[in-house]
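**Student:** Have a look; sequence and predicted model below, questions after that.
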Amino acid sequence: MNFHFSLDKRDGLPPAARFAGYLLQAAVVVTAVALLATCSSSPSVLGRVQRDNTLVLATPNSPTTYYLGAYGAAGPAYDLAKRFADELGVRLKILEVPNGHDALTAVASGRADIAAPGIGISEHRPDLRFTPAYEEVSSLLVYRAGEAVPANVSDLADPAFKLTVAPGFAPLMHKLSRSHPGINWTTSSERDSSQLLIDVARGKLAYTVVNENTFNLNRHFYPRLRAAFALGKPQPLGWAVRKRKDSSLYQAAIAFFARAKADQTIADVLKHYYGEHVAYNRASTQTFLNNVNSRLDEYSTTFHRAATATGLSWQLLAAVGYQESRWNPGAVSPTGVRGLMMLTIPTAQSLGIHNRTDPHLSIIGAARYLSQLIKRLPASIPQPDRSWMALAAYNIGYGHILDARKLTRRQGGNPNSWADVKKRLVLLSQGKYYQHARYGYADGRVATHYVANIRSYYNILAWRSAQDTLPAQVTQPSVRSDVAIAQ
């Protein structure tokens with residue numbers, strides 16, 4: 001940007017005119033400098049996020065925040081942050097940290113834009129701002145079945161009750177120690193609350209403290225876990241943003257939470273992750289784990305090979321097999337369907353399976369059939385909803401899923417969401433709905449329970465194999481050369 005004025009004596013102007021010209025030149029230069037300064041000034045925090053096309057989320061790896069699932073990144077905190085990033089029109093980048101305390105530190109130091117620590121919102125961090133809560137959780141004292149059980153906080157002063165807690169629970173323990181001197185507790189700087197909970201389940205630790213959402217998820221995987229009582233008041237879970245004069249990102253997060261609460265986004269996300277665990281049954285879970293140890297090994301090689309051939313998860317196929325027959329190749333349904341994966345005669349014939357009672361052929365056929373159903377569904381349905389709908393179709397028939405999706409769309413729901421579709425699938429048992437459905441009556445309650453059970457078994461297998469608590473033969477199967485898998 002160049003500005004040039006010729007105001008010397010050769011212009012023939014009187015002194016007063018020349019002085020006015022100098023004033024004008026100075027004003028123009030000042031204005032230009034101010035304009036250039038404005039153009040080169042730093043953008044707001046929100047503007048910088050949008051300019052860089054990246055929102056950085058600091059969070060620990062845990063089932064209640066963020067983890068890598070069968071279909072990519074997942075977790076309640078991750079899902080909400082991903083929706084926020086999508087609203088901003090930027091990509092979400094994960095900064096994985098060891099625990100919730102480190103997530104807060106990452107935001108305070110500027111290494112991340114937001115933190116989803118998975119621990120209660122702290123009122124003692126003047127360097128941070130916290131969003132409204134997306135969930136409230138109680139802190140539970142957890143132990144392993146067979147250990148002595150304290151009746152209340154006062155009992156924790158007994159030296160026999162030694163607690164080990166994650167750093168995020170240290171403020172709570174300090175507060176309890178002031179009102180109940182003598183509580184025997186230590187902080188683990190190396191393990192987060194989920195890892196400490198697993199240590200309790202395995203008998204390596206006697207007691208720990210975790211949030212109730214962490215307990216509710218993990219007790220499904222480790223049925224010997226027990227909760228004694230809640231410590232303190234329920235704590236809100238939210239995001240943390242670095243405290244600055246510029247609050248643009250914080251205000252955007254506040255607005256996002258207001259919308260997400262109003263349109264049920266938060267409720268849907270929490271139900272997606274916790275809904276299948278509400279009807280927890282300790283006895284059936286223990287029976288399942290007993291069968292994992294006693295039956296699964298015999299068929300694990302075929303589950304792995306079928307999964308490799310079809311691109312499906314071996315844990316998902318094994319979960320289907322358990323739901324269908326309890327991994328019993330001699331099982332017969334009330335309607336006469338037979339085999340480990342309960343293939344009907346027409347389905348087996350269409351898949352080229354000549355002996356559906358052979359457990360290995362049954363697994364192969366079922367894997368190919370489920371893969372076909374997944375591919376057959378409309379491309380607009382994302383994972384994992386796509387797999388849940390395919391499983392429902394495996395149980396109740398593909399046509400009824402089409403009817404349920406059509407009814408979902410008609411009622412203003414999302415036909416690509418299993419959470420929405422399963423509500424309408426249940427309605428297909430009522431005359432006023434199935435009489436207008438192309439494929440007629442369907443007992444959607446059976447199909448939704450079927451999918452919920454498989455999801456529970458799948459979650460247990462996936463989580464425990466990730467924690468290396470499945471038998472070695474199951475996680476590292478030998479190759480069975482006499483079973484071929486054709487596409």
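**Tutor:** Alright, I've got the coordinates.
**Student:** switch to C-alpha atoms for all contacts and neighbour counts from now on
**Tutor:** Noted.
**Student:** Where do the helices of the stretch 201-350 of the chain begin and end?
**Tutor:** Ranges of helices in the stretch 201-350 of the chain, per DSSP state H, counting those that start in this stretch, are 212-221, 248-262, 265-274, 282-294, 296-310, 314-325, 345-350.
**Student:** Correct me if wrong: Pro98 contacts Asn61.
**Tutor:** Yes - the criterion here is C-alpha atoms under 8 Å, and Pro98 meets it with Asn61 at 7.3 Å.
**Student:** So between these two, which is more surrounded?
**Tutor:** More crowded of Pro98 and Asn61, by other C-alpha atoms under 10 Å: Asn61, with 21 against 16.
**Student:** And what about that one, helix, strand or coil?
**Tutor:** Assigned state for Asn61: strand (three-state reduction, DSSP: H, G, I helix; E, B strand; the rest coil).
**Student:** Can you check the pLDDT for it?
**Tutor:** We have a pLDDT of 80 for Asn61.
**Student:** Kindly report the same for Arg83.
**Tutor:** 95.
**Student:** Flag every buried residue along the host helix or strand of it.
**Tutor:** Using DSSP states H and E, Arg83 maps to helix 76-88. Neighbour counts using 16 or more other C-alpha atoms under 10 Å place Pro76, Ala77, Tyr78, Asp79, Leu80, Ala81, Lys82, Phe84, Ala85, Leu88 of helix 76-88 among the buried residues.
**Student:** Equivalent analysis for stretch 146-156, please.
**Tutor:** Val149, Pro150, Val153, Leu156.
**Student:** What's the mean pLDDT across it?
**Tutor:** The pLDDT scores in stretch 146-156 average 90.
**Student:** And it, how far out from the chain middle?
**Tutor:** 32 Å (C-alpha atoms, centre = their mean, to the nearest Å).
**Student:** and the end-to-end length of that stretch?
**Tutor:** 17 Å (C-alpha to C-alpha, to the nearest Å).
**Student:** Check what contacts it and list those residues.
**Tutor:** Tyr143, Phe161, Lys162, His180, Gly182, Ile183, Asn184, Ala206, Ala228, Phe229, Leu231 (C-alpha atoms under 8 Å, 6 or more residues apart in numbering).
**Student:** which phi and psi does the closest residue to the third one other than its chain neighbours have?
**Tutor:** Distances taken as C-alpha to C-alpha, 6 or more residues apart in numbering put Asn184 closest to Lys162, at 5.2 Å, once the chain neighbours are dropped. The phi and psi torsions at Asn184 (degrees, to the nearest 10) take the values phi -100, psi 100.
**Student:** Hmm, Pro159 and Asn184 touching each other?
**Tutor:** Yes - counting by C-alpha under 8 Å, Pro159 is a contact partner of Asn184 at 6.3 Å.
**Student:** Counting neighbours, go ahead and name the busier of these two.
**Tutor:** Ranked by neighbour count (other C-alpha under 10 Å), Asn184 and Pro159 place Asn184 first, with 16 against 12.
**Student:** Might you report the residue contacts of the more buried one?
**Tutor:** So Asn184 contacts Leu156, Ala157, Asp158, Pro159, Phe161, Lys162, Leu163 (C-alpha under 8 Å, 6+ apart).
**Student:** go again using 10 Å as the cut-off
**Tutor:** By C-alpha atoms under 10 Å, 6 or more residues apart in numbering, the contact set of Asn184 is Leu156, Ala157, Asp158, Pro159, Ala160, Phe161, Lys162, Leu163, Thr164, Met173, Ser177.
**Student:** Please consider this matter closed, and thank you.
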